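*Asks:* sequence plus the predicted model coming up.
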Amino acid sequence: MDPKIKIGAVSYLNTKPLLFGIEHSDISNETEIILDYPARLAKKLMEGEIDMALLPVAAIPSIHSAHIVSDYGIAADGHVVSVAIFSQVPMEQIETVYLDYQSRTSVRLAQLLLENHWKKKVVYKPAPEDFIEQISGTTAGVIIGDRALEQLTNFEYIYDLSAGWKEYTGLDFIFAAWVTNKPLPSDFIARFNEANADGLLHLEAVIAANPFPCYDLHTYYTDNIKFFLDEQKKKGLEKFLEMIGDGR
């Protein structure tokens, strides 16, 4: 039996400070980090391939005994920049939206906001591999992660989903949290939490290790992404899970 605790995460830039802390802490010898798309992490956690995941929050209700085990994750209290609907026409003219199924959370958030906040009836289409190239005219698309940051100068209209959620509910939004569905040693969880916190103290090292010309990562890590999941953010999570649970 492998004694290492398997930790699932995505390889997006937004996770790098948290992963840096884990990789440079005393728990690094006890853990193995496994990178995958957000949508696949839930499947791996359910099937026991990993012990913990930085899980897109929309997947939490589908996992038996899932619970959040850290004070850190991926959240925002306004413009997150890297999760948005990209379009060449204004919202009122959008007729079709490609949904990037790399993340169930972003897709559900986009649908909630289109229907309840922007009051739009659109046709949803699963996004093919090259869907970004097909966004034109009245067809828009949900783009997430590093690809969203790369597209910021290529589209006339960008509707930030975290900012839209804030406008609609007045609440912050949690995109992903550290989740497990089995008991892990309490001392490990405490040290894991400390490792996450420590990663955030070394942002300049993280930025130096991940050169990215498309967007200022210092702004991204300090203004856009909020890593500490305070009570305000947890209220936003409760509201989101309530809304997707009742079918809205």
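*Replies:* Cool, got the structure. Numbering: from 1, shown residues only.

*Asks:* same question for stretch 90-97: list its buried residues.
*Replies:* Residues 91, 94, 97 are the ones in stretch 90-97 that count as buried (16 or more other C-beta atoms under 10 Å). Heads up, the C-betas are built off the backbone N, CA and C, glycines and all.

*Asks:* actually, stretch 98-117.
*Replies:* Neighbour counts using 16+ other C-beta under 10 Å place 98-100, 102-114, 117 of stretch 98-117 among the buried residues.

*Asks:* now do the same end-to-end measure for stretch 179-193.
*Replies:* 12 Å (C-alpha to C-alpha, to the nearest Å).

*Asks:* repeat for stretch 53-64
*Replies:* 14 Å.

*Asks:* SS state for the residue nearest the centre of the chain?
*Replies:* Centroid-nearest residue in the chain, with C-alpha atoms, centre = their mean: residue 175, separated by 3.9 Å. Under DSSP: H, G, I helix; E, B strand; the rest coil, residue 175 falls in the strand class.

*Asks:* what helices and strands are in contact with the longest strand along the chain?
*Replies:* Secondary structure of the chain per DSSP state E: the longest strand is strand 67-76. Under the contact criterion of 3 or more C-beta pairs under 8 Å, 6 or more residues apart in numbering; DSSP states H and E, strand 67-76 touches strand 52-56, strand 173-180, helix 186-199, strand 226-228.

*Asks:* list the helices and strands the one helix or strand in the chain whose mean pLDDT sits lowest packs on?
*Replies:* In the chain, no helix or strand scores lower on mean pLDDT, DSSP states H and E than helix 38-46, which sits at a mean of 88. Applying 3+ C-beta pairs under 8 Å, 6+ apart, we find helix 38-46 packed against strand 5-9, strand 52-56, helix 104-112, strand 173-180.

*Asks:* pLDDT below threshold where in this protein?
*Replies:* 1-2, 246-248 (pLDDT under 70).

*Asks:* domain ranges for the chain?
*Replies:* Each domain of the chain is listed here as a residue range: 5-77+172-245, 83-169, per automatic domain parsing.

*Asks:* if anything else comes up later, I'll come back, but that's it for now.
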